[in-house]
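1. with the input below, show me the fold.
(2 chains)
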Amino acid sequence: MGAIIILTPVVIASWPAIAAAVAGAASAIGLMVGGAVKESTKEEVKEKAEQQVEVELADSEVLAKDLAREKEIVLTKGDVELRVSRDSRGRCKVCAKGKGHSQQELKQMTEQFVQKMTQCFIYNRVASELKNKGFQMVNEEVMKDETIRLHVRRWED
Amino acid sequence: MAQHEVEITISKTGEVKAHVKGAKGKACLDYVKWLQQIVGKVKSQTLTSEHYEPDVKSRIDTRQQVQDKE
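-> Residues are numbered from 1 along each chain as shown, chains lettered A, B, ... in the order given. Below is the predicted model:
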């Protein structure tokens, strides 16, 4: 046995690690990466006066050294556009907007994306650290409820 | 050599449940700290009976018998 631990995720990383999680989550839920990392302009944000929702990752910090504040990742799915960026406090923020969708629908879509992005981020981090610590993967599977299960092993002197 | 195993479950919200097996005492606590550094805040922690077991040490006894030959 040993120990059973339950941990709440905290997303603290530089922009490349966040971008990798964003790409993974986008791919998993069918979002197209609309503009990779690009500089946004105020005109772009103002265009189209449709519904808009903003969700902030509470336990997150995007380390600023690699990221200018104006940069963001734009994702699209049909008429919906999601923008992932770093806010002025350094937190990761996701804004969704789209025509023909209610606030509720946009909020649901944004929260689904934020959850998937967090899961991808934690998976990438855990998998990388397990490898660094010399663990061998015994089994890895994705369950029906989208849970990822990893079983690893190593020998210790 | 001791075999350490970890079963990790990452829920769709990113919450992590880790079951550390085979690690005892300090080694077990080291895994808890390590996971905390990687993932985030510890929500709950249960130390199982194995945690309290002493580390297994190998011991070899050698005995020699000397017999007088007549």
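2. the longest helix seen in chain A near chain B anywhere?
-> Counting by DSSP state H, the longest helix found in chain A is helix A:103-132. Yes - applying CB under 8 Å from any CB of the partner chain, one finds helix A:103-132 touching chain B at A:115-116, A:118-119, A:121-123, A:125-126, A:129-130. From N, CA and C alone the C-beta is placed, and that goes for glycine too.
3. name the helices or strands packed onto the helix or strand that comes right after that helix?
-> As assigned by DSSP states H and E, the chain's next helix or strand after helix A:103-132 is strand A:136-142. On a contact count with 3 or more CB pairs under 8 Å, 6 or more residues apart in numbering or on different chains; DSSP states H and E, strand A:136-142 meets strand A:148-156.
4. quick one: buried residues of the strand it packs on?
-> A:148, A:150-153 (16 or more other CB atoms under 10 Å in any protein chain shown).
5. can you name the two of those residues that sit furthest apart?
-> Greatest spatial distance in the buried residues of strand A:148-156: A:Ile148 and A:Arg153, 17.3 Å, computed using CB to CB.
6. run the chain-centre distance for stretch B:11-30.
-> Centre-to-centre, stretch B:11-30 and its host chain are 10 Å apart (CA atoms, centre = their mean, to the nearest Å).
7. is chain A contacted by it?
-> Yes - legend: contact between stretch B:11-30 and chain A by CB under 8 Å from any CB is shown at B:11-24, B:27-29.
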